[in-house]
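A.B. asks: Below are the sequence and a predicted model for it; my questions follow.
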Amino acid sequence: MMQAKSFAKTLVMTIIFVTVIVELVDVSEESGEAKSWMKTCEGLEPAIENFRQYLRIPTVHPSPDYGPALRFILSLAGSISLHPTRLVEMVPGKGIALLTWEGSNPSLPSILLNSHMDVVPVKKEEWKHDPFEAVMEENGDIYARGSQDTKCIGIQYLEAIRNLKSQGFKPLRTIHISFVPDEEVGGGDGFAKLISSAVFQSLNVGVALDEGLASETETYLVTNAERSPWWLEIKATGRPGHGSSLYANSALENLMRSFEAIMMFRSSQFDRVKAGLSKEAEVTSINPVYLKAGGSTPCGYVMNVQPSEAEAGFDIRVSPDANTEVLETLIQEQWAPQSRNMSYKFIGKAPKSGRTAANESSPWWGLLVDAVRRTGVVLNEAETRKSTTDGRFLRNVGIATYGFSPISRTPNRQHSTNEFLNAQEFCKGIRVYEEIIKAYTSYSGL
Ligand SMILES: *[C@@H]1O[C@H](CO)[C@@H](O)[C@H](O)[C@H]1NC(C)=O
Ligand SMILES: *[C@@H]1O[C@H](CO)[C@@H](O)[C@H](O)[C@H]1NC(C)=O
């Protein structure tokens with residue numbers, strides 16, 4: 001009897017307590033930061049839901065399943081009545097969604113808005129929330145792999161078009177939106193295939209926007225060039241001998257001499273950065289990534305033999321302003337000279353990326369800067385990107401391409417733990433794309 005009574009009392013008190021907490025939560029939602037994202041996102045709640053739904057599709061390497069992502073994108077395109085919509089599959093299982101909003105003058109060069117569907121792997125246990133749940137915290141922060149890189153822009157492009165269509169806006173130029181696979185693994189089965197296809201030729205692209213970088217300040221970042229990766233393997237051979245003998249030109253001695261030359265070059269570039277003469281993305285970087293030499297036994301390395309072969313790998317990122325002939329000569333004559341019994345090969349060697357004009361010589365630049373300014377945000381001067389994106393394929397064929405993601409006031413967590421985007425930044429970005437799309441598709445010059 002007593003027990004039942006006290007249980008009932010506890011239950012009543014628990015209910016009262018829970019009610020108080022619920023009320024407190026309600027109050028806090030009305031205040032401060034929470035209020036500010038809700039205001040910016042007024043009317044865009046379905047866009048946030050579309051974003052979160054896309055984030056929950058685990059298109060994650062090493063084995064992304066693109067099917068569900070493509071179906072989701074095509075269904076969104078259907079909800080906006082975008083047509084034609086095309087599913088281009090040049091490599092089995094690696095489809096590309098190509099959506100089009102035709103302008104009133106389709107003979108003018110078109111606009112391309114590109115994003116990739118794949119995301120880099122995660123270490124789930126290091127995340128605050130499951131990286132494929134797209135949990136949204138009370139302050140509007142949406143946590144998910146791909147929230148910055150690049151599922152945000154993919155959805156923002158479409159939501160901006162949805163809004164422009166409902167406002168009755170009619171484009172003069174045609175606009176295409178592409179969703180590609182495999183950017184995070186070099187784009188070989190993705191954008192590289194698209195750019196060399198007949199279907200791409202038929203799009204007649206005049207200017208493209210592709211992914212950019214998150215900015216921690218109030219202003220937006222934009223890139224107009226990127227460095228090209230050259231992955232270099234160098235090998236040295238030399239006379240094997242006893243570990244106790246001093247003799248010249250062992251394989252390791254030959255390789256070490258290359259290291260000295262390479263490290264000298266590395267310092268010359270790094271010193272420019274340290275002295276503030278160049279930004280990191282503007283110099284040519286080189287870093288050793290592996291070393292291989294020596295003989296091993298089940299008990300460890302052989303300690304008394306100088307090996308006959310030694311090898312090292314380097315990740316070189318070639319500045320768009322570098323003289324590549326000079327660099328090749330350096331490799332041939334100093335880093336891996338035949339005269340020192342050395343050889344080299346490229347495991348990967350991207351052509352030098354072009355630089356898209358980001359000054360008064362390009363109307364696309366001025367239109368972009370003005371469109372962003374109309375939304376109350378300043379666009380930084382264009383910079384070179386340290387790493388690579390699909391944008392390089394476009395620049396290599398001479399198409400003006402800006403790397404731009406409308407993300408400000410956000411720590412750059414691309415490829416790192418707890419990647420997130422605040423709903424306010426996401427919603428603001430939709431408005432930014434509305435302005436850009438209006439400006440680009442209305443431009444009658446060129
Ligand atoms: C290169 O290899 C040859 C043949 O083994 C050898 O005679 C020569 O001394 C080596 N030169 C250097 C610089 O290692
Ligand atoms: C504009 O930028 C391009 C590409 O960086 C450059 O080649 C050109 O000289 C610049 N033009 C002007 C007027 O600054």
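C.D. replies: Ah, there it is. Ligands and ions are numbered 1, 2, ... in the order given.

A.B. asks: Now do the same contact list for the residue most central in space within the chain.
C.D. replies: Central residue of the chain (Cα atoms, centre = their mean): residue 149, 5.1 Å from the mean position. For residue 149, the contact set (Cβ atoms under 8 Å, 6 or more residues apart in numbering) comprises 119-120, 211, 414-415, 419. C-betas here are computed from N, CA, C, even on glycine.

A.B. asks: Columns distance to residue 178 on top of those, output as JSON lines?
C.D. replies: Formatted as JSON lines, those follow (distance: Cβ to Cβ, whole Å):
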{"residue": "119", "distance to residue 178": "17"}
{"residue": "120", "distance to residue 178": "20"}
{"residue": "211", "distance to residue 178": "12"}
{"residue": "414", "distance to residue 178": "20"}
{"residue": "415", "distance to residue 178": "22"}
{"residue": "419", "distance to residue 178": "22"}
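
A.B. asks: Pipe the residues you listed into JSON lines and attach neighbour count and secondary structure per row.
C.D. replies: Putting the contacts of residue 149 into JSON lines (neighbours: other Cβ atoms under 10 Å; DSSP: H, G, I helix; E, B strand; the rest coil) gives the following:
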{"residue": "119", "neighbour count": "27", "secondary structure": "strand"}
{"residue": "120", "neighbour count": "17", "secondary structure": "coil"}
{"residue": "211", "neighbour count": "23", "secondary structure": "coil"}
{"residue": "414", "neighbour count": "19", "secondary structure": "coil"}
{"residue": "415", "neighbour count": "15", "secondary structure": "coil"}
{"residue": "419", "neighbour count": "26", "secondary structure": "coil"}
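
A.B. asks: can you put those residues in CSV and add pLDDT and distance to residue 229?
C.D. replies: Converted to CSV, the contacts of residue 149 look like this (pLDDT from 0 to 100; distance: Cβ to Cβ, whole Å):
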residue, pLDDT, distance to residue 229
119, 98, 20
120, 97, 16
211, 98, 17
414, 95, 17
415, 95, 15
419, 98, 23
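
A.B. asks: what comes up buried for stretch 426-442?
C.D. replies: Using 16 or more other Cβ atoms under 10 Å as the test for burial, stretch 426-442 gives 426-441.

A.B. asks: Tell me how far it lies from the chain's centre.
C.D. replies: Distance of stretch 426-442 from its chain centroid, counting by Cα atoms, centre = their mean, to the nearest Å, is 20 Å.

A.B. asks: go on, stretch 276-287?
C.D. replies: Mean-position distance between stretch 276-287 and its chain equals 19 Å (Cα atoms, centre = their mean).

A.B. asks: With stretch 135-148 instead?
C.D. replies: The answer for stretch 135-148 is 17 Å, by Cα atoms, centre = their mean.

A.B. asks: In that stretch, which residues are buried?
C.D. replies: Applying a neighbour-count criterion of 16+ other Cβ under 10 Å, one finds 135-136, 140-148 buried in stretch 135-148.

A.B. asks: cool, stretch 307-327 as well?
C.D. replies: For stretch 307-327, by 16+ other Cβ under 10 Å, it's 307-312, 314-320, 322, 327.

A.B. asks: Give me the pLDDT value at the residue lying closest to residue 227 once chain neighbours are set aside.
C.D. replies: Spatial nearest neighbour of residue 227, excluding adjacent residues (Cβ to Cβ, 6 or more residues apart in numbering): residue 317 at 4.0 Å. You'll see residue 317 listed with a pLDDT of 96.

A.B. asks: Equivalent analysis for the one 3 residues further on, please.
C.D. replies: We have a pLDDT of 92 for residue 320.

A.B. asks: which non-adjacent residue is nearest the closest residue to ligand 1 within the stretch 251-400 of the chain?
C.D. replies: Relative to ligand 1, the nearest point of the stretch 251-400 of the chain is residue 341 (3.7 Å; Cβ to the nearest ligand atom). For residue 341, ignoring the flanking residues on the chain, the nearest one in space by Cβ to Cβ, 6+ apart is residue 237 at 4.9 Å.

A.B. asks: now the one you found: how far from residue 304?
C.D. replies: Plainly put, residue 237 is 20 Å away from residue 304 if you go by Cβ to Cβ, to the nearest Å.

A.B. asks: ditto for residue 111
C.D. replies: Taking Cβ to Cβ, one finds residue 111 at 67 Å from residue 304.
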